[in-house]
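In: Curious how this folds, go ahead:
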Amino acid sequence: YVFPEYANPLGNLYGGRMMYWITMAGTLAASKAARGFAVLASMDSIYFLNPVKVGHTVIITGRVEYIGKSSMEVSVDVDIEDHIKGIRMPATRAYMAFVAVDPDGNPRPVPVSLEPSDDEREIYERAIARRNARIPRILNRKEQALNISNIGDLTWKLKSIRAVMPEDALQGNLMFVGKLFMYIDEIAGILATKFAKGIVVTGSLDNMEFYSPIRIGDVLTLEAGITCIWNTSMEIKVKIITESIIHNYIRHVGTAYMVFVHLNEHGNPSPLPKYQPQTEDEKRACEDATKRRIKRITDLENIKKQLKHNIIY
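Out: Just a heads-up that it's a prediction; the model follows:
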């Protein structure tokens, strides 16, 4: 159930809260299959299809679709029920890769296998295809973990530094990624709100790979910057760095690209203030963001075709 504490002033659920719930459902499904703890290694793009409002019920279903040696492919479907209108609508669908780990956070074998039935064969094969498509994105994981440079010379940016506390963990001393998503959405949302001078909502999150774990006691730095502004939407980049004071290392955890939409007082998309890239970093960032935007538009149309149901109950 969506309570007011989970929502913005217009009554829309915060995207970070939704990503927390999605990650929790995926973690529970993967951990059950792994007979122990599993951590999120990669999240495919998420698109928020319909607004989730205060008073809605959110139905989240996690499913393990493929099991490898130590990794698992997991899908999470999210539907919303509007009890006043009497309808059930799709909110989003997420695809994630999890890795089974031991108490120290090291990969371990998954003790069970998955043999799909005839009815499950197509789902199983699509999961393998997603896994294969993800492999090129993580080949340079070790090199990416050492990329601790800042996000560049962007006019609109914001930085947050916080200690990773015990309440940020789900099990052991590893930070729960669902909590991290809430922090990412928070800093990006604040920056988007400051620029828009109004209310914004999370529209999407691009593919995100995790290069290094975050542990309790680490110092976490999130640096957000606006990469491009369009008519009613903007892209924000958030780079996450973790620093271990005890073990004396700094690592790049991952980089998120998020889209936020500016809303007016009626909850409809509203034009943003004019913005023109000035620095070379801003011009390059906006060019790259525009390429990602074209891909998002195509992907979003495909997802809408897959989830085109509006069930009266």
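In: Any stretches of the stretch 201-313 of the chain with poor pLDDT?
Out: Applying pLDDT under 70 to the stretch 201-313 of the chain picks out residues 307-313.
In: contacting residues for residue 242?
Out: Under the criterion of Cβ atoms under 8 Å, 6 or more residues apart in numbering, the contact list for residue 242 reads 164, 212-215, 218-221, 250-251, 253. (Glycine included, C-beta is placed from N, CA and C.)
In: Nearest the geometric middle of the chain, what residue?
Out: The central residue of the chain, meaning the one whose C-alpha is nearest the mean C-alpha position (Cα atoms, centre = their mean), is residue 205 at 5.2 Å.
In: any idea how far residue 181 is from that one?
Out: When Cβ to Cβ, to the nearest Å is the yardstick, residue 205 and residue 181 sit 8 Å from each other.
In: For the helix or strand in which residue 129 is found, enumerate the helices and strands it packs against.
Out: Residue 129 is located in helix 121-138, with elements delineated by DSSP states H and E. On a contact count with 3 or more Cβ pairs under 8 Å, 6 or more residues apart in numbering; DSSP states H and E, helix 121-138 meets strand 38-43, strand 57-67, strand 71-82, strand 87-100, strand 208-209.
In: Just want the angle from that helix to strand 57-67.
Out: If you take axes from the mean of the first three to the mean of the last three Cα atoms, to 10 degrees, helix 121-138 sits at 80 degrees to strand 57-67.
In: which residues make contact with helix 121-138 from outside it?
Out: Defining contact as Cβ under 8 Å, 6+ apart, one finds that helix 121-138 is touched by 41-42, 44, 65-66, 68, 71, 73, 75, 95, 97, 114, 116, 207, 209.
In: Please repeat the previous calculation with a cut-off of 6 Å.
Out: Defining contact as Cβ atoms under 6 Å, 6 or more residues apart in numbering, one finds that helix 121-138 is touched by 42, 65-66, 73, 95, 116, 209.
In: bridging residues for the nearest residue to residue 94 once chain neighbours are set aside?
Out: Closest residue to residue 94 in three dimensions, ignoring its sequence neighbours and counting by Cβ to Cβ, 6 or more residues apart in numbering: residue 76, at 4.5 Å. Listed by DSSP bridges, the beta-bridge partners for residue 76 are residue 62, residue 94.
In: which residues does residue 76 contact?
Out: Contact analysis of residue 76 by Cβ under 6 Å, 6+ apart lists 22, 25-26, 62, 94.
In: again, 7 Å this time
Out: By Cβ atoms under 7 Å, 6 or more residues apart in numbering, the contact set of residue 76 is 22, 25-26, 60-62, 94.
In: quick one on the thing from earlier: for the contacts of helix 121-138, which two are the farthest from each other?
Out: Farthest pair in these (Cβ to Cβ) is 116 and 209. Separation: 26.2 Å.
In: the more surrounded of the two?
Out: With other Cβ atoms under 10 Å as the criterion, residue 116 and residue 209 differ in neighbour count, and residue 209 comes out ahead with 17 against 14.
In: Tell me if I'm right that the more buried one and residue 252 touch.
Out: No - proximity of residue 209 to residue 252 does not meet the contact threshold set by Cβ atoms under 7 Å, at 10.5 Å.
In: Which of the helices or strands spans residue 274?
Out: Using DSSP H and E, residue 274 maps to neither a helix nor a strand.
In: Neighbours of it, how many?
Out: Here the count is done by other Cβ under 10 Å, and residue 274 has 6 residues near it.
In: do residue 215 as well
Out: The criterion is other Cβ under 10 Å. On that basis, residue 215 has 18 neighbouring residues.
In: same question, the one 10 residues further on
Out: As a burial measure, residue 225 scores 24 neighbours (other Cβ under 10 Å).
In: For it, which phi and psi angles does the backbone take?
Out: Main-chain torsions, residue 225, degrees, to the nearest 10: phi -150, psi 140.
In: returning to that earlier point: for the residue nearest to residue 94, give its distance to residue 124.
Out: Between residue 76 and residue 124 the computed distance is 17 Å (Cβ to Cβ).
In: hang on, the earlier thing: neighbour-wise, which one of the contacts of helix 121-138 leads?
Out: Going through the contacts of helix 121-138 with other Cβ under 10 Å as the criterion, the one with the most neighbours is residue 73, at 27 neighbours.
In: what pairs with the strand or helix carrying residue 200, and is each one parallel or antiparallel?
Out: Using DSSP H and E, residue 200 sits in strand 199-205. With DSSP bridges as the test, strand 199-205 is paired with strand 46-47 (antiparallel), strand 249-263 (antiparallel).
In: And those: which comes nearest residue 84?
Out: In this view, these are compared for proximity to residue 84 by Cβ to Cβ, and strand 249-263 is the closest at 20.6 Å.
In: got the angle between the closest one and strand 38-43?
Out: With the same axes, to 10 degrees as the criterion, the two stretches strand 249-263 and strand 38-43 enclose an angle of 60 degrees.
In: Show me which residues of strand 249-263 are buried.
Out: Of the residues in strand 249-263, those buried under the neighbour-count criterion (16 or more other Cβ atoms under 10 Å) are 251-263.
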